[in-house]
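**Student:** what follows is a predicted structure for the sequence shown.
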Amino acid sequence: MFQAILNRLPRTATAPFCPSEVRGTINIPAGTSFWKKLLKFAGPGLLVSVGYMDPGNWATDIEAGSRYGYGLLFVILLSSLIAIFLQTLCLRLGIASRKDLARLCREHYSPRVGKVLWLMAELAIIACDLAEVLGTALAFHLLFGCSILVGVLLTAFDTLIVLGLKGRGFRQVEAIVLGLILTIALCFCIELILIQPDYAMAAKGLIPSLHALADTQSLYLAVAILGATVMPHNLYLHSSIVQTRVVSDRIEDKREAIQLSTIGTLVSLSLAFFVNAAIMILAASAFHANGHIGVADIEYAYHLLDPVVGSAFAGIIFGLALMAAGQSSTFTGTIAGQVIMEGFLDLKIPCWQRRLITRFLALIPALIGVLVWGEGAVGKLLVLSQVVLSMQLPFAIYPLLKLTGNRAVMGEFATGWLAKMLAWSLFVLISALNVWLIYQFFV
């Protein structure tokens, strides 16, 4: 079914899934219906949306839901809206300039500034991959009974998955990711049916409230949710992979590509919002409402589901969704890492080597954390990784806003004054939240 849907997407040459080799083009015959055109532009949005439902999101949403019930649902909503806005800027940048964000940074900034931006982007990739390591290790532990340490070591072998995809082409990767996304969504639909949450209370939780962020812990979780939702490496990734859908440099073609890509991104990230909201609603209904406040460990959440729901089936579904989330994020993390390395350093290496380097760097803190603090620290490490991601956001957002507002780069697709004002306001807000959080914890 997934492949049948993706068959409608544009065909590229027999390219491996490394971004430097998938600059495919599409031809839309005259009279093609709107829906067929939309399907041709759906893939990049799907790949980007994966980053918004990775294991890091799970940890932050579960802890927030168990501690504060439905109170922080509005943070997921606002973070998702910010993500949609920033991702639309990325796709406009890629389509209008025919270059990705990393490459444009290398061209428009000094080598020293470029190296700093590259290092921040790489740190974000490692933090994201750390979450994937811990999440997938937890899934192995929950589903197969192995220790967390063994699960962490098993994640080193996902390089074999990347090798298996070599030569498959971008559309095949998109089909696999679509299948994993639908698996995650289906699992949480089943979970919500079993839990039967209070949807009226959940709706109230979507209303923004400064009172809900009154204490340091709630703000810490809010920043973690922001970092888990608006992921820095996705900004680089989207500006690159959206170019696989560009037909030509004609203004009309670019405008249509931007419109269709924006719709595809909106739909895909709306699905990601549903998954994240479902995780927090699940935690609020199953844990907070039953007195289990402060569940910060995914493994603890998994075992609590059985007595609360009255069925071991809920825990199994939870573990399968976690496994799908970890593996789908592995694909996009590899592509994003390749985009960043090629763009900033003009360095091209095989995808499996890039995957091996990234996973090795993520395994080090994962193993140290498990060995030093024990398996119970996995949840805290996951949340911390998302805070690190939030700290990196300004380093990706700033060049994005500067470049999308530059008419020499964007031409007539440069952002207008209203979009600029909104974008820079978000930049100031995110930076201020990070500074305030650092002040609260270290001063």
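**Tutor:** That came through, no problem.

**Student:** how close does P55 get to G326?
**Tutor:** In this view, P55 and G326 are 5 Å apart by CB to CB, to the nearest Å. The C-beta positions use only the backbone N, C-alpha and C, and glycine is treated the same way.

**Student:** sorry, wrong one. I was asking about A222.
**Tutor:** 24 Å.

**Student:** shared neighbours, P55 and G326?
**Tutor:** Common neighbours of P55 and G326 (criterion: CB atoms under 8 Å, 6 or more residues apart in numbering): 132, 135-136.

**Student:** can I get the residues you listed in a markdown table with pLDDT?
**Tutor:** Supplementary listing: the shared contacts of P55 and G326 in a markdown table, determined by pLDDT from 0 to 100:
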| residue | pLDDT |
| --- | --- |
| E132 | 75 |
| G135 | 75 |
| T136 | 78 |
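
**Student:** so which of those residues comes closest to L322?
**Tutor:** Of all these, L322 sits closest to G135, with 5.9 Å by CB to CB.

**Student:** which residue packs closest to the closest one, ignoring adjacent ones?
**Tutor:** Leaving aside its sequence neighbours, G135 sits nearest to P55 (CB to CB, 6 or more residues apart in numbering; 2.2 Å).

**Student:** what's the answer for D54, then?
**Tutor:** Once flanking residues are discounted, D54 sits nearest to S329: 3.9 Å by CB to CB, 6+ apart.

**Student:** isn't the one you found up against P55?
**Tutor:** Yes. S329 lies in contact with P55 (CB atoms under 8 Å); the separation is 7.3 Å.

**Student:** quickly list what's touching both of these two.
**Tutor:** 131-132, 135.

**Student:** one step back: more crowded one of P55 and G326?
**Tutor:** P55 (29 against 25; other CB atoms under 10 Å).

**Student:** host element of the residue nearest to D54?
**Tutor:** S329 is part of helix 312-345 when elements are defined by DSSP states H and E.

**Student:** how about the next helix-or-strand element following that helix: buried residues?
**Tutor:** Counting by DSSP H and E, the next helix or strand C-terminal to helix 312-345 is helix 351-373. Using 16 or more other CB atoms under 10 Å as the burial criterion, the residues of helix 351-373 that qualify are 351-352, 354-359, 362-363, 365-366, 369-370.

**Student:** which other helices and strands does helix 351-373 contact?
**Tutor:** Applying 3 or more CB pairs under 8 Å, 6 or more residues apart in numbering; DSSP states H and E, one finds that helix 351-373 contacts helix 111-144, helix 148-154, helix 159-165, helix 312-345, helix 378-404.

**Student:** how about those helices, which one is nearest L429?
**Tutor:** Closest among the helices and strands packed on helix 351-373, once you apply CB to CB, is helix 378-404, at 10.4 Å.

**Student:** who wins for neighbours among the shared contacts of S329 and P55?
**Tutor:** A131 leads these on contacts (other CB under 10 Å) with 33 neighbours.

**Student:** before we move on, what's the pLDDT of that one?
**Tutor:** We have a pLDDT of 74 for A131.

**Student:** repeat that for A321.
**Tutor:** The score at A321 is 76. That number is its pLDDT.

**Student:** quick revisit: out of the shared contacts of P55 and G326, which is nearest to I335?
**Tutor:** E132 (13.4 Å).
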